[in-house]
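Engineer: Build me a model:
(chains A and B)
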Amino acid sequence: MSELSCGSGPLFMNPDSEAARAYFRQKNRALTNKLMSVQEAVGRFVKDGDYVASGGFGSNRIATAVLHEILRQKKRNLGFAGHTTTHDFEIVAAGNMHGERLIARLDLAYVIGLEARGLSPHSRRVIESGEVEVCEWTNYALACRFRAAASGIPFIPSYTMLGTDTFRFSAAKEIECPFSHRKLVALPALYPDVGIIHVHEADCYGNCRIRGITVADCDIARASKRVIVSVEHLVSNDEIRSHPESTIIPAFCVDAVCEVPFGSYPGNMPGEYFSDEEHLRLWLEVERDAAEFSRFLKKYIFDTPDFESYLQLCGGMNRIRELRALELLVPQAE
Amino acid sequence: MADYNAMELMICVAARLLEDGSTAAVGTGAPVAAAVLAQKTHAPNLLIVFEAGGLAPLMPSMPISVGDSRSFYRALMATSMSDIMETCQRGMMDYTFLSGAQIDPYGNLNSTVIGDYAKPKARLPGSGGANDLASFCWRTLVMMLHQRRRYVNKLDFITTPGYLSGPGAREAAGLPGGGGPYRVISDLAVMSFNNESKRMQVENLHPGVSFARVQENTGFEMLAAREVSQTEPPAKEELRILREEIDPFRYIIGR
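Structural biologist: Next up, the predicted model:
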């Protein structure tokens, strides 16, 4: 076996499970009402310098309202986990403008791109400027890192990234399997300070349900020290208790529950509304010019008090109805 | 003149490579069009999988994102990213479909940076799930337009493993045995990888394309398989399904 090697990328968060256990030991387990506004949740639970993980998958089931509020409250020097983060990263990257720095550290598997829609010019400028410290990973590597943290262990082994520059610029290490003596990559546990997740249903205590793919959200909710949930439909605790098998995030993981109908807009919310491709295209267009992007952000985010006002600017309920018809495959009127 | 364009040809060729009863992890765009075309022709039992968690959907239209609701519409299962990736890692994924900004003679892919990593000419999105899929799946299929600046002798950054530095290199690196790039489908030809050298070689030339033209558009020495045959052009029925049922708005084939 050739010599075992280490990636040269920065390890932003301590993967040690002992420190995390000490934190989780004192975390509240009681069923307390955690309903609050997005403004209060971000004010209380996101601090400058924190490391943030965003749930969903880029433009699908993302907590747009919470991400906007982080931008609006001008949080600074955050770390961020980017497993196929597309529009969610586009929102937080907007905080890196005019010499301000919202994102300072980035565990990167996929950013800048919006999949088939093309690349985000502003996100690209931010990364290329060198003002963000970057560590390379893959989507599965980041999923494993959340899984390790959720499991309360310091790493998970995998065969991913072996032999590539992605490994060389990661903070992973090669190890030898004690049983098979094979080479593996040890992926260090990632305990974010804050996890931000949009779900279909939750009660006021934070018991959550998601319809459709869960991506990495079950693990992000368990791995994060603090969790802010935005919820499409608030349900009663009695409803949760009637179908306990549907709960995928238990209340004791969650610190804040924010009721935000249409909260994934302009992203897709499975079974509720499709993504607003026109609005996503508008973001990509205005980003080409820094001054125009500034004006756009002022109008849509900084001069709006909350997510409802943003929705109104984007066409309000009429637009949502159109996106709902798309999502539910309602036949077009002849 | 042929009554099909380069994208239609690439999709039809890619579709034929997918065997019935196999599993394929695909991305949005041309790969998903190819997989659905395979399903609607010779491979009705092809199981299409999306890395974000969609398993065997019956898609009403092409997804825009590998994680949007179309990617698990009427699926057999809507699960997590790690469940899908672990399915690949334990050896149950036959094919994956990838692309990139650059490919080298060994089928390694770059989707991270153009130029020097520290001071890139252009930063690109990164691996996403590509490195994972190419490490774990049995056969990697690559779809990429044939241009000298894309088919390069040395990548600026190896994002995703092909055969790395050649024979035995994947195994020496610790990657699971038996995987690696299987075919590269371009607008000029279909390439395979030489058994001995693990270097890219032309397997089929598309109608009207000469080997010299492929070489002209390749930034490294292109090999030829022992017998190079001509690509079977798209059949009328393949084109009908692709145009009428799969991509009626020409989102993909109109590119």
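Engineer: Model confidence score at B:Met143, please.
Structural biologist: As summarised for this prediction, B:Met143 has a pLDDT of 97.
Engineer: For chain A, see how far away it is.
Structural biologist: As judged by Cβ to the nearest Cβ, to the nearest Å, B:Met143 and chain A stand 14 Å apart. Quick note: C-beta positions are derived from backbone N, CA and C, even for glycine.
Engineer: Got the phi and psi for that residue?
Structural biologist: phi -110, psi 120 (degrees, to the nearest 10).
Engineer: Just list the residues touching the nearest residue to B:Leu145 once chain neighbours are set aside, thanks.
Structural biologist: Nearest residue to B:Leu145, sequence neighbours excluded (Cβ to Cβ, 6 or more residues apart in numbering or on different chains): B:Asp187, at 5.4 Å. The contact partners of B:Asp187, by Cβ atoms under 8 Å, 6 or more residues apart in numbering or on different chains, come to B:6-7, B:9-10, B:145-146, B:206.
Engineer: cutoff 10 Å now
Structural biologist: Contacts for B:Asp187 (Cβ atoms under 10 Å, 6 or more residues apart in numbering or on different chains) come out as B:5-7, B:9-10, B:143-147, B:206, B:209, B:217.
Engineer: what's the answer for A:Asn139, then?
Structural biologist: A:Asn139 is in contact with A:57, A:82-84, A:109-110, A:160, A:215-216, B:51-52, B:66, B:81-82, B:84-85, B:126-133, counting by Cβ under 10 Å, 6+ apart.
Engineer: mind checking how far it is from B:Gly54?
Structural biologist: Using Cβ to Cβ, to the nearest Å, A:Asn139 is found at 14 Å from B:Gly54.
Engineer: got it, and A:Ile248?
Structural biologist: 17 Å.
Engineer: now A:Ala150
Structural biologist: From A:Ala150 across to B:Gly54, the span is 22 Å (Cβ to Cβ).
Engineer: Which one's more surrounded, these two?
Structural biologist: Higher neighbour count among A:Ala150 and B:Gly54: B:Gly54, with 27 against 20, using other Cβ atoms under 10 Å in any protein chain shown.
Engineer: And the more buried one, how close does it get to A:Arg101?
Structural biologist: If you go by Cβ to Cβ, the gap between B:Gly54 and A:Arg101 works out to 36 Å.
Engineer: and if you look at B:Ser192?
Structural biologist: 48 Å.
Engineer: Which one of those two is surrounded by more residues?
Structural biologist: More neighbours surround B:Ser192 than the other of B:Ser192 and A:Arg101, with 17 against 14 (other Cβ under 10 Å).
Engineer: So, low pLDDT: which residues of chain B?
Structural biologist: Within chain B, the segments meeting pLDDT under 70 span B:1-2.
Engineer: so where do the helices sit in it?
Structural biologist: Taking DSSP state H as the criterion, chain B carries its helices at B:6-16, B:30-40, B:81-89, B:130-136, B:169-173, B:211-216, B:236-240.
Engineer: Most tightly packed of those?
Structural biologist: With neighbours taken as mean count of other Cβ atoms under 10 Å in any protein chain shown, the helices of chain B reach their highest mean count in helix B:130-136, at a mean of 31.
Engineer: count of residues packed around residue 234?
Structural biologist: Unless you meant another one, I'm taking chain A. Neighbours of A:Leu234 (other Cβ under 10 Å): 16.
Engineer: you looked at the wrong chain, it should be chain B
Structural biologist: Using other Cβ under 10 Å, the number of residues around B:Pro234 comes to 24.
Engineer: next one: A:Arg61
Structural biologist: By the measure other Cβ under 10 Å, the count of residues near A:Arg61 is 30.
Engineer: Report the contact partners of it.
Structural biologist: Neighbour list for A:Arg61: A:55, A:197-200, A:210-215, A:217, A:232, A:263-264, A:267-270, A:272, B:67-69 [criterion: Cβ under 10 Å, 6+ apart].
Engineer: Narrow those residues to those in helices?
Structural biologist: Per DSSP H, the subset of the contacts of A:Arg61 in helices is A:Asp217.
Engineer: how many other residues sit next to residue 226?
Structural biologist: Went with chain A since none was named. By other Cβ under 10 Å, neighbour count at A:Arg226 equals 22.
Engineer: that's the other chain; I wanted chain B
Structural biologist: When counting by other Cβ under 10 Å, one arrives at 7 neighbours for B:Arg226.
Engineer: can you pull the contacts of it?
Structural biologist: Counting by Cβ under 10 Å, 6+ apart, B:Arg226 has contacts B:194, B:201, B:203.
Engineer: ok, those vs chain A, which is closest?
Structural biologist: Nearest to chain A among the contacts of B:Arg226, counting by Cβ to the nearest Cβ, is B:Asn194 at 19.4 Å.
Engineer: All the strands of chain B, residue numbers only.
Structural biologist: All strands of chain B, identified by DSSP state E, fall at B:23-25, B:47-49, B:54-55, B:77-78, B:95-98, B:102-103, B:109-110, B:113-115, B:120-123, B:139-143, B:181-185, B:189-193, B:200-205, B:223-230.
Engineer: right, so those strands: which one is the most enclosed?
Structural biologist: Compared across the strands of chain B, strand B:95-98 shows the largest average neighbour count, a mean of 28 (mean count of other Cβ under 10 Å).
Engineer: is that strand up against chain A anywhere?
Structural biologist: No: Strand B:95-98 lies out of reach of chain A by Cβ under 10 Å from any Cβ of the partner chain, never closer than 12.4 Å.
Engineer: Mind exporting the C-alpha coordinates of that strand to PDB?
Structural biologist: What follows is strand B:95-98, C-alpha atoms only, in PDB (Å, rounded to 0.1, in the frame of the first residue of the first chain):
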ATOM      1  CA  TYR B  95     -24.100   3.600 -14.900                       C
ATOM      2  CA  THR B  96     -23.500   7.200 -14.200                       C
ATOM      3  CA  PHE B  97     -23.600  10.100 -16.600                       C
ATOM      4  CA  LEU B  98     -21.100  13.000 -16.200                       C
END
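Engineer: Pull up the pairing partners for it, direction included.
Structural biologist: Counting by DSSP bridges, the strands paired with strand B:95-98 are strand B:23-25 (parallel), strand B:139-143 (parallel).
Engineer: could those strands go into JSON lines alongside distance to A:Lys299?
Structural biologist: JSON lines is the format used below for the strands paired with strand B:95-98 (distance: least, Cβ to Cβ, whole Å):
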{"stretch": "strand B:23-25", "distance to A:Lys299": "41"}
{"stretch": "strand B:139-143", "distance to A:Lys299": "40"}
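Engineer: related to what we said a few turns ago, looking at the contacts of B:Arg226, spot the one nearest A:Glu40.
Structural biologist: Nearest to A:Glu40 among the contacts of B:Arg226: B:Glu203, at 61.7 Å, using Cβ to Cβ.
Engineer: Now for that closest one: which residues touch it?
Structural biologist: Residues in contact with B:Glu203 (Cβ under 10 Å, 6+ apart) are B:183-185, B:189-193, B:224-229, B:231.
Engineer: beta partners of the residue nearest to it when sequence neighbours are not counted?
Structural biologist: With Cβ to Cβ, 6+ apart as the criterion, B:Glu203 has its nearest non-adjacent residue at 4.3 Å, and that residue is B:Ser192. B:Ser192 has these beta-bridge partners by DSSP bridges: B:Gln201.
Engineer: next one: B:Ala122
Structural biologist: Beta-bridge pairing for B:Ala122 (DSSP bridges): B:Ile114.
Engineer: avg pLDDT for the helix or strand containing A:Glu308?
Structural biologist: Secondary-structure assignment from DSSP states H and E places A:Glu308 in helix A:307-313. On average, the pLDDT along helix A:307-313 is 98.
Engineer: likewise stretch A:14-32?
Structural biologist: So the average pLDDT for stretch A:14-32 ends up being 97.
Engineer: Number of residues surrounding A:Thr32?
Structural biologist: 11.
Engineer: So what's the predicted local confidence for A:Ala116?
Structural biologist: On pLDDT, A:Ala116 comes in at 85.
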